[in-house]
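A.B. asks: Need coordinates for the following:
(2 chains)
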Amino acid sequence: MIVSTDWLAEYVSVSAPVDELVERLALSGLNHESTSSVGDDTAIEIEVTSNRPDCLGHIGVARELSVLFGRPLLVPAPRPLETGGQAAQSVSVEITDRSMCPFYSARILRGVRVGKSPSWLVNRLATVGIASVNNIVDITNYVMLECGQPLHAFDLASVRGGRIIVRPAQAGEAFEAINHRRYELDPRMCVIADAERPIALAGVMGGADSEISDTTVDVLLESGQFAPLAVRTAARSLVLASGSSFRFERTPDPAAVAWASLRAATLIMDLAGGRLEHGVATAGELACHDTTVALAVDRVSEVLGVAIPWERQQATLTALGFTEQTDGADDEISLWRVPSWRRDVTREIDLVEEVGRIIGYDIIPEDATIAARPVADTRRQEVTRQAAEVLLAAGCCEAMTRSVVDEVLDGFGSPWTSEAAFTISPPLVRGADRLRRSLLPSLLEARGHNLAAAAPHGDLFEIARGYLPAAELPSEPQFLSAVVTGEFAAAKGLVEAVFARLGIDPSGLTGPPPRVSYRPASHPLLAVGRTADVILSLAGTPSVRAGVIGEVAPNLVSHFNLGAAVSAFELRLDLIEPVKVSDRSVTRPSEFPPVERDLNLIVDEEVAWASLASAIEEASRGLLEHLSLTQVWRDEARIGPGRKSLVVSLSLRSSEATLSGDEVKQVIDAILESCTQRCGAALRG
Amino acid sequence: MDLESFVLEVSRLRDEAESAFREVRSAATLEEARVSFVGAKSGRLKAIQKLLGGVSSSDRPEAGRAFNELKQAVAALLEEAQDRLAAAAASPEAAAIDVTLPGRPVRLGRLHPITRTIREVQGIMARLGFECVDGPEVEDQWHNFEALAIPAEHPARDPLDNFYLNVAQGCDPLLLRSQTSTVQIRVMEAREPPLRIVSLGRVYRPDTADATHYPMFHQVEGLLVEKGTTMAHLKSVLRLFASSFLGGDVHVRFRPSFFPFTEPSVEVDMEWGGRWVEMGGAGMVDPAVLEAVGYDPDKVSGFAFGLGVERIAARRYGVADIRDFYRNDVRFLEQFG
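C.D. replies: Next up, the predicted model:
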């Protein structure tokens, strides 16, 4: 809303400089956007919140100033002279759907001279950014900007059949607006029609063939109430917002319907001559709200936290137009009748805000105390932080990519579901309308951008939601995902480190559950034969798939131009969160020396490391401190086809004593036997 | 050649060798001297040995002795120079390194600046007794609108102003939440006051992406519901927050505003860099919201406030275009210590 200081002075006289004026307005609810000079006038652009349609006219803003600066408010009382016939006989008005238009009134002026507006009118409109059209149209705009009630003037000669019918538009009905563009209407919109066709889109814009022109002699002046929803639907779906639609969407002062009509009639006769017929042709009933609100005398202090004398509260509300009722009032509670222009005030708390905003929130103290309360981090905060620490230590940067992706990224699939992604409307950004089912495509895209820009590296991780189809609300797993340089083991090493940081043994070999294991798997996004599921096994519950690890599939590597080997993982932090071990009690490090042995075991090609490792671990009588694979080799001539040799280093240590040669031999023999029985392993000389 | 000339040559060569090897200070000059005097092909010792053939046979034993003495003397000089260099090399001074060379690089990962800001806000609020809560990003109409006093037909529910999903719950279309207040409703529905929570996360509004807008952004919202809560508590908590976040004793200013779920509603300005900077919105929880979640507004009251994370992070780090937060360029991310 732009206001002219010259225009405001019509209703209130404030001597304060403009800067002070805008500051006071801003601190009482009308935010300042800008100030500029237009000729001799000053235009102030203010932001009016949607609950304050009263400030969408100069009188409303002047009222705020009159209250803030303690100056009287002067509002003109239009009393135009009515001569000639009865408006109700010149035109008939009917409303077919009161939910779209509760009330409609038409006033008739005959014999007007359409022409230029006087300079004061042209200038004031210019200050607020409105170009002059002709005296009649300018007056309707002027009165709207004065009191917030939109008006429309029709050339009476083009209203066919002497009828005004306010009705829903018909499906597909065509309408040409005064901007000379044609629109196709639908029944959610409301039109003003004559006996034959729509002549205005109600509350939004008039029609091209009923507008005021140089040949207009008789004028039908419309002032009505139109429902916000129908107006908004029309303005938005036709992209046809206007000063009128903006105001009707916010419900103007019902008392202004009649006032604006009289005010405009007066101005028309002053500036364009003509005679005003008696009365108005109307249909419907003016939708009013006669509200009385109770205010407890200590309520304002209870909410604001500072005492404000009752007399000051009374004076403030009275100045704003509220009237104190004596009926039903008592010492503790006072009743206030709400002025017609403040439809937003319906409850006690609304009156509290009125008092507070006018007196100013600066009086609220800023040293009130609140009691101390203990707070602990949530498990999610803890897990998120610890997991991020691992990735940061490994040199990865945290990325934030969009939750919604386009068809291409979504089309690469997800390791978590084969069901179609949810879509949204409108798209988040161009083409991005699918809620992502995995973070990996977005991270690979970001990696590709980094490589293309010759950034130092493209090792990225992200902790964010995915959105998987589910019965009610979609499930929103919390993913930790990363893309890093290197083959499978690079990503797996990070996964193991994350589990270790969360107190979960990543090797799956020792200790009580939770345990982690890795199974060959096949998923979209990841390379065939080089992908694993991460399985989390818990005591007493079925194990769950808590993640995937793999080398990135060749089609993605080439799509994103990733060049060298890149591996990735995606973990379900939401599943890992409840399992995280916070405070496991520690084991004292042994004081005794370890015994180290290398075993060269020959097994069939199919034997997985994990099964050999668990065969060793289970036979080691709790003495196995460390186990690693140091070498793998194959030699058909020496160990036969389909066989491989695994050189295994193990370290045995007791927490109770130095292991004797005999003890070591017994354990090693048990390990070898276990390996032979469970994995068909043979010891190579 | 007569004996006298030969002996003279030998003696001259010896003098030259002495001075050459004494002046040796480095492996390179040592090698140079070695090649010059005892080189197998064109060493000067070799050359003088050839002259020996020209000495008459009678003088040859004498000349041969002189040559042998020379040869031993040169060998001794060479050895002495080598020892001297070796001794010098073994000294700590000689083993000194160029300390200005860079260290072996350790690549540091960096937290995203949005995460850093969120953690900082969380940390400050935790010290004020606010616990962190979490909720879904895909929401229903009740939590995103109705419970927040945004009724059907309210412009805020317009399909063009929200990201509605292609699925509905019953006949209620789901949407991406437009504010984290939804989480506050969920917590209030599940728990009784007193309550101090801070909800944070991604929210979505159809703004065209530009330097100051992005259709996906992060909000942090605080909520306190306790008996006897006033706007003075709100202002004081925000002042404590501002002072912790910005450092020093920071004042806050309230400007009246309008939000459906708070009343009174205010915009919050904080003094930053010598001027008032808008940090977010706040207000007293609207009694209608308290009623919607089953609280009695006559018994408890509360306040809520919300901050746009991108906005404060952009200001703090001098990021001119908030889209940079989502480009994930490592050259950008690595600037955040």
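A.B. asks: what does the stretch 101-250 of chain A put close to chain B?
C.D. replies: A:228-229, A:232, A:236, A:249 (Cβ under 8 Å from any Cβ of the partner chain). Bear in mind the C-beta positions are built from the backbone N, C-alpha and C, glycine included.
A.B. asks: now residue A:557: how far from residue A:15?
C.D. replies: The gap separating residue A:557 from residue A:15 is 74 Å, by Cβ to Cβ, to the nearest Å.
A.B. asks: Who has more neighbours out of these two?
C.D. replies: For residue A:557 and residue A:15, the more surrounded residue by other Cβ atoms under 10 Å in any protein chain shown is residue A:557, and the numbers stand at 18 against 8.
A.B. asks: Skipping its backbone neighbours, what lies nearest the residue in the stretch 451-600 of chain A that chain B sits nearest to in space?
C.D. replies: Across the stretch 451-600 of chain A, no residue is closer to chain B than residue A:455, which sits at 4.1 Å (Cβ to the nearest Cβ). Spatially, and ignoring its direct neighbours in sequence, residue A:455 is nearest to residue B:330 (4.1 Å; Cβ to Cβ, 6 or more residues apart in numbering or on different chains).
A.B. asks: Touching, that neighbour and residue A:452? I think so.
C.D. replies: No. Judged on Cβ atoms under 8 Å, residue B:330 makes no contact with residue A:452 at a distance of 11.9 Å.
A.B. asks: Who is residue A:36 paired with across the strands?
C.D. replies: Judged by DSSP bridges, the bridge partners of residue A:36 are residue A:43.
A.B. asks: how about the strands of the stretch 51-200 of chain B, start to end?
C.D. replies: B:131-133, B:138-139, B:164-169, B:172-176, B:195-204 (DSSP state E, counting those that start in this stretch).
A.B. asks: Show the subsequent helix or strand relative to the last one.
C.D. replies: By that I understand strand B:195-204. Later in the chain than strand B:195-204, the nearest helix or strand by DSSP states H and E is strand B:216-226.
A.B. asks: Against which helices or strands is that next one packed?
C.D. replies: Counting contacts by 3 or more Cβ pairs under 8 Å, 6 or more residues apart in numbering or on different chains; DSSP states H and E, strand B:216-226 packs against helix B:113-127, helix B:181-190, strand B:195-204, helix B:231-246, strand B:301-308, helix B:309-317.
A.B. asks: tell me what the first one is packed against?
C.D. replies: Read it as helix B:113-127. helix A:379-393, strand B:195-204, strand B:216-226, helix B:231-246, helix B:309-317.
A.B. asks: ranking the strands of the stretch 51-200 of chain B by burial, who's on top?
C.D. replies: Comparing these by mean neighbour count (mean count of other Cβ atoms under 10 Å in any protein chain shown), strand B:138-139 comes out on top with a mean of 25.
A.B. asks: near chain A, anything from it?
C.D. replies: Yes. Under the criterion of Cβ under 8 Å from any Cβ, chain A is reached by strand B:138-139 at B:138-139.
A.B. asks: Give me the sheet partners of that strand and which way each runs.
C.D. replies: By DSSP bridges, strand B:138-139 pairs with strand B:172-176 (antiparallel).
A.B. asks: Next, the angle from the partner strand to strand B:216-226.
C.D. replies: Put simply, strand B:172-176 runs at 110 degrees to strand B:216-226, going by axes from the mean of the first three to the mean of the last three Cα atoms, to 10 degrees.
A.B. asks: same question for strand B:172-176, mean pLDDT?
C.D. replies: Regarding strand B:172-176, the rounded mean pLDDT is 90.
A.B. asks: and the spatially most central residue of chain A, what does it touch?
C.D. replies: Geometric centre of chain A, nearest residue: residue A:428, 10.9 Å, by Cα atoms, centre = their mean. Residue A:428 makes contact with A:402-404, B:163, B:204, B:215-216, according to Cβ atoms under 8 Å, 6 or more residues apart in numbering or on different chains.
A.B. asks: Pull up the per-residue confidence for the closest residue to residue A:594 other than its chain neighbours.
C.D. replies: Using Cβ to Cβ, 6+ apart and skipping the chain neighbours, the partner closest in space to residue A:594 is residue A:653 (4.1 Å). Per-residue pLDDT puts residue A:653 at 96.
A.B. asks: isn't residue A:653 right next to residue A:593, touching?
C.D. replies: Yes. Proximity of residue A:653 to residue A:593 meets the contact threshold set by Cβ under 8 Å, at 7.3 Å.
A.B. asks: okay, those two: which has more neighbours?
C.D. replies: residue A:653 (18 against 10).
A.B. asks: measure that one to residue A:366 for me?
C.D. replies: Distance from residue A:653 to residue A:366, counting by Cβ to Cβ: 63 Å.
A.B. asks: do the same with residue A:494
C.D. replies: 47 Å.
A.B. asks: now swap in residue A:527 and tell me
C.D. replies: 60 Å.
A.B. asks: The residue nearest to residue A:594 and residue A:598, how far apart?
C.D. replies: 16 Å.
A.B. asks: got the contact list for residue 113?
C.D. replies: The chain I'm using is chain A. Taking Cβ under 8 Å, 6+ apart, one finds A:272-274 in contact with residue A:113.
A.B. asks: look at chain B instead
C.D. replies: Neighbour list for residue B:113: B:313, B:317, B:319, B:325, B:333, B:336 [criterion: Cβ under 8 Å, 6+ apart].
A.B. asks: Please list which of those residues are also close to chain A.
C.D. replies: Checking the contacts of residue B:113 against chain A (Cβ under 8 Å from any Cβ), the matches are B:325, B:333.
A.B. asks: what kind of secondary structure is the residue lying closest to residue B:108 once chain neighbours are set aside in?
C.D. replies: Of all residues not flanking residue B:108 in the chain, residue A:395 sits nearest, at 6.6 Å (Cβ to Cβ, 6+ apart). What DSSP: H, G, I helix; E, B strand; the rest coil gives for residue A:395 is coil.
A.B. asks: Next, the contact list for whichever residue of chain A sits closest to chain B, please.
C.D. replies: Ranked by Cβ to the nearest Cβ, the top residue of chain A for proximity to chain B is residue A:305, at 2.8 Å. Residue A:305 makes contact with A:364-365, A:368, B:230-233, B:235 under the criterion Cβ under 8 Å, 6+ apart.
A.B. asks: now do residue A:46
C.D. replies: Here residue A:46 is in contact with A:1-3, A:22, A:25, A:30-33, A:55, A:61 (Cβ under 8 Å, 6+ apart).
A.B. asks: Okay, domains of chain A per the record?
C.D. replies: Following automatic domain parsing, one finds the domains of chain A at A:2-69, A:82-284, A:292-361, A:379-576, A:595-683.
A.B. asks: Nearest to residue B:309 among these would be which one?
C.D. replies: Among the domains of chain A, the nearest to residue B:309 by Cβ to Cβ is domain A:379-576 (10.8 Å).
A.B. asks: starting at the chain centroid, how far to the closest one?
C.D. replies: Its chain's average C-alpha position is 26 Å from that of domain A:379-576, according to Cα atoms, centre = their mean, to the nearest Å.
A.B. asks: repeat for stretch B:31-45
C.D. replies: 59 Å.
A.B. asks: and it, C-alpha only, in CSV?
C.D. replies: Written as CSV, here are the backbone C-alpha positions of stretch B:31-45 (Å, rounded to 0.1, in the frame of the first residue of the first chain):
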residue,chain,number,x,y,z
GLU,B,31,84.3,-35.1,-6.8
GLU,B,32,85.6,-32.4,-9.0
ALA,B,33,89.0,-32.5,-7.3
ARG,B,34,89.0,-36.3,-7.3
VAL,B,35,88.4,-36.5,-11.1
SER,B,36,90.9,-33.7,-11.8
PHE,B,37,93.7,-35.4,-9.8
VAL,B,38,93.1,-39.2,-9.7
GLY,B,39,90.6,-39.6,-12.5
ALA,B,40,91.3,-42.9,-14.3
LYS,B,41,91.2,-41.4,-17.8
SER,B,42,92.5,-37.9,-17.7
GLY,B,43,93.5,-37.4,-14.1
ARG,B,44,96.7,-35.4,-13.7
LEU,B,45,98.3,-38.2,-11.7
